[in-house]
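Enquirer: sequence first, predicted coordinates after that:
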Amino acid sequence: MALYNCPSCDMSVNTSCGACDTALVDSVLITDTGAEVRISECPGGHGKIKSPMCCGADMACAI
């Protein structure tokens, strides 16, 4: 399971796909304006979500 950590307060969360129970993968989505958005996505193609946030910043994943 993907473990996301907050570098500010040490909060952590585990994330996996609800459809296939596979660990979500850390990724980046580029918007039409060129902005980068951190996302977590299912490697099996079941979708993607905005990466978890804590203390006002995206949490980091070691995977």
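Expert: Everything's here; your move.

Enquirer: any idea what Cys61 is bridged to?
Expert: Tyr4 (DSSP bridges).

Enquirer: give me the phi and psi for the most far-flung residue of the chain relative to its centre.
Expert: Relative to the centre of the chain, the most outlying C-alpha is that of Thr33, 21.1 Å out, by C-alpha atoms, centre = their mean. For Thr33, the backbone dihedrals (degrees, to the nearest 10) come out as phi -90, psi 0.

Enquirer: residues contacting His46?
Expert: Cys17, Gly18, Ala19, Cys20 (C-beta atoms under 8 Å, 6 or more residues apart in numbering). All C-beta atoms are positioned from the backbone trio N, CA, C, and that covers glycine.

Enquirer: show me where this protein has strands.
Expert: Using DSSP state E, the strands of the chain run over 2-5, 12-15, 25-30, 36-41, 48-50, 53-54, 57-58, 60-61.

Enquirer: possible to save the ones you listed as a markdown table with mean pLDDT?
Expert: Output for the strands of the chain, formatted as a markdown table (pLDDT from 0 to 100):
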| stretch | mean pLDDT |
| --- | --- |
| strand 2-5 | 84 |
| strand 12-15 | 90 |
| strand 25-30 | 90 |
| strand 36-41 | 89 |
| strand 48-50 | 92 |
| strand 53-54 | 91 |
| strand 57-58 | 86 |
| strand 60-61 | 76 |
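
Enquirer: turn the ones you listed into TSV, columns for mean neighbour count.
Expert: Formatted as TSV, those follow (neighbours: other C-beta atoms under 10 Å):
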stretch	mean neighbour count
strand 2-5	18
strand 12-15	14
strand 25-30	13
strand 36-41	16
strand 48-50	13
strand 53-54	14
strand 57-58	14
strand 60-61	18
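
Enquirer: nearest residue to Glu41 other than its sequence neighbours?
Expert: Lys48 (3.7 Å; C-beta to C-beta, 6 or more residues apart in numbering).
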